[in-house]
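Chemist: Sequence and predicted structure below; questions after.
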Amino acid sequence: MRTSHIGVGIAIIPAHGEAAVGDNLAHAPRQDCCNSIGDLHRRMSAVLRAEPRSTGFGATAFDIAAAPELPRRAGPDSAFDVCHVGVVLRALLFVHGVMAIGMIFSASAFAIWLGLVAAGSSVALPSVLMWLIALCALKRPLAAAPVAAQWLAALGLGASAAWAAAHLIAALLPDATASGLGALVGFGPPLAGAAMAAAIFLWLRLRAKATLPAETTARLAELQSRIRPHFLFNTLNTALTLVRLDPARAEGVLEDLAELFRVAIGDSVESVSLSEEVELAQRYLDIEQARFGSRLHVSWELDPEAGSARVPPLILQPLVENAVRHGVEPAAEGGVIRIRTKVKLGRAVLSIANSVPPVPSRPGNGMALKNVRERLRLMHDVAAQFDTRLEADVFRVQIVVPL
């Protein structure tokens with residue numbers, strides 16, 4: 001467990017519009033500068049839409065902003081990402097539901113129907129589990145195969161799993177034929193297994209196609225709320241001031257800003273480690289520390305074992321930005337942000353807590369919280385938890401993801 005505290009510094013740029021040391025007339029009044037945010041945003045948009053041009057220098061981290069690309073999903077095809085509790089439960093419920101409905105046409109009484117459902121469940125349960133385990137184990141080679149081969153593998157594995165489960169039950173029941181279960185050794189189970197596999201695999205493919213635009217929309221909205229022109233302006237203004245007072249620190253602020261833009265505008269990946277997200281959030285808070293100085297107090301309690309958990313990219317930074325925007329910026333005396341990671345019951349727990357000022361800030365639209373919750377659901381389904389709560393003068397966000 002590592003604990004560090006950040007909060008010692010000098011407020012370089014005052015919060016209420018006073019000119020900071022080293023500011024010129026163009027940058028001194030905070031209100032005048034903020035009135036030009038719309039013009040700055042339009043100029044930035046024009047630059048991002050323009051064709052990239054050579055600067056005469058080598059490649060830098062800022063060059064990536066010259067030609068942004070639409071986010072794209074990397075990694076294995078999510079149609080084979082079945083190693084989740086939610087997928088397993090849905091598959092089991094679907095197969096058993098179809099089987100129970102089908103048995104109605106073969107039963108003349110309720111007691112007979114119950115017996116047929118019980119017998120069918122003895123085959124359906126292990127069949128579905130074996131099929132899902134096989135897809136989970138083979139998801140990477142199957143994702144790289146052609147679509148026709150994917151369908152052939154899904155149906156073949158479904159038929160094989162049903163055949164193996166049926167023969168296993170038949171072997172455990174020597175008098176299966178006398179008990180009316182002679183169909184277990186026929187062609188019925190493999191055909192039924194292939195049919196159920198086809199239906200579930202079609203749903204998985206439709207689910208994967210529906211997930212991609214949802215993630216793209218969430219990511220674009222996240223970028224709009226995160227890389228705000230106001231934040232960019234404050235960071236550059238802070239760096240300009242530090243150039244005269246502390247050039248080395250100004251260079252560090254610009255490096256942190258470059259890293260934020262590199263991750264935000266760069267190629268999208270399916271997931272990152274929690275430790276990478278923490279490192280990016282630390283860079284963001286280093287920038288805000290230079291801006292707010294002693295008004296911002298940050299406490300880190302990090303468990304290295306939780307750092308290996310996989311999370312969607314850029315999921316911690318918007319939560320930290322919310323804490324700064326609503327917990328520190330509106331308070332004249334500043335505020336406190338506590339970030340903690342730990343391992344509990346085989347899962348990684350991330351909590352972000354910030355003080356709430358007596359006079360709350362203007363409420364936002366909740367876009368960042370909604371996007372984080374949606375992206376966690378898309379990646380981990382029911383295995384992830386996302387909770388927010390207000391306790392007295394502390395607002396807390398807690399995320400729980402599997403390790």
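Modeler: Sure thing, it's come through.
Chemist: Could you tell me the end-to-end distance of stretch 352-360?
Modeler: 18 Å (Cα to Cα, to the nearest Å).
Chemist: got it, and stretch 338-350?
Modeler: First-to-last residue span, stretch 338-350, Cα to Cα: 11 Å.
Chemist: buried stuff in that stretch?
Modeler: Arg338, Ile339, Arg340, Thr341, Val343, Arg347, Ala348, Val349, Leu350 (16 or more other Cβ atoms under 10 Å). Where C-beta positions appear, they are placed from N, C-alpha and C, glycine not excepted.
Chemist: separation between the third one and Pro247?
Modeler: The reference is to Arg340. 34 Å (Cβ to Cβ, to the nearest Å).
Chemist: buried stuff in the helix or strand hosting Ala166?
Modeler: Element membership for Ala166, per DSSP states H and E: helix 147-172. For helix 147-172, the neighbour count (16+ other Cβ under 10 Å) marks 150-151, 153-155, 157-166, 168-170 as buried.
Chemist: Likewise for stretch 240-252?
Modeler: Counting neighbours by 16+ other Cβ under 10 Å, one finds that the buried residues in stretch 240-252 are Leu240, Thr241, Leu242, Arg249, Ala250, Gly252.
Chemist: Quick one: mark the members of the residues you listed that sit in helices.
Modeler: In helices, defined here by DSSP state H, the members of the buried residues of stretch 240-252 are Leu240, Thr241, Leu242, Arg249, Ala250, Gly252.
Chemist: for those residues, which one is nearest Ala134?
Modeler: Gly252 (50.5 Å; Cβ to Cβ).
Chemist: Which strand or helix spans the closest residue to the closest one other than its chain neighbours?
Modeler: Closest residue to Gly252 apart from its sequence neighbours, by Cβ to Cβ, 6 or more residues apart in numbering: Asp286 at 7.1 Å. According to DSSP H and E, Asp286 maps onto helix 274-292.
Chemist: which other helices and strands contact that helix?
Modeler: helix 229-245, helix 247-265, strand 296-302, strand 310-311, helix 317-323, strand 335-344 (3 or more Cβ pairs under 8 Å, 6 or more residues apart in numbering; DSSP states H and E).
Chemist: related to what we said a few turns ago, let me have the ones in helices among the buried residues of stretch 240-252 in a markdown table, extended by pLDDT and distance to Val272.
Modeler: Converted to a markdown table, those look like this (pLDDT from 0 to 100; distance: Cβ to Cβ, whole Å):
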| residue | pLDDT | distance to Val272 |
| --- | --- | --- |
| Leu240 | 81 | 32 |
| Thr241 | 77 | 33 |
| Leu242 | 79 | 30 |
| Arg249 | 81 | 28 |
| Ala250 | 83 | 28 |
| Gly252 | 84 | 23 |
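Chemist: With distance to Phe80 as added columns, please give the residues you listed in a markdown table.
Modeler: Below are those laid out as a markdown table (distance: Cβ to Cβ, whole Å):
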| residue | distance to Phe80 |
| --- | --- |
| Leu240 | 51 |
| Thr241 | 52 |
| Leu242 | 50 |
| Arg249 | 48 |
| Ala250 | 48 |
| Gly252 | 43 |
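Chemist: What is the nearest of the buried residues of stretch 338-350 to Leu316?
Modeler: Nearest to Leu316 out of those is Leu350 (Cβ to Cβ; 7.2 Å).
Chemist: partners of the host helix or strand of that closest one, with directions?
Modeler: Secondary structure from DSSP H and E places Leu350 in strand 347-355. The strands beside strand 347-355 in its sheet (DSSP bridges) come out as strand 335-344 (antiparallel), strand 394-402 (antiparallel).
Chemist: nearest to Asp256, of these?
Modeler: strand 335-344 (16.5 Å).
Chemist: Report the angle between the closest one and strand 296-302.
Modeler: On the basis of axes from the mean of the first three to the mean of the last three Cα atoms, to 10 degrees, strand 335-344 is oriented at 10 degrees to strand 296-302.
Chemist: which residues sit against strand 335-344?
Modeler: 274, 278, 281, 285, 295-303, 305-307, 320, 323-324, 327-328, 348-355, 357, 400, 403 (Cβ atoms under 8 Å, 6 or more residues apart in numbering).
Chemist: Show the average pLDDT along it.
Modeler: Strand 335-344 shows a mean pLDDT of 94 in the predicted model.
Chemist: rewinding a little: Ile104: which of the helices and strands packed on helix 274-292 is closest?
Modeler: Nearest of the helices and strands packed on helix 274-292 (Cβ to Cβ): strand 310-311, 43.1 Å.
Chemist: partners of the closest one, with directions?
Modeler: Sheet pairing of strand 310-311 (DSSP bridges) gives strand 272-273 (antiparallel).
Chemist: need the contact list for Gly92.
Modeler: You called it Gly, but residue 92 is Leu. Per Cβ under 8 Å, 6+ apart, neighbours of Leu92: Leu125, Val128.
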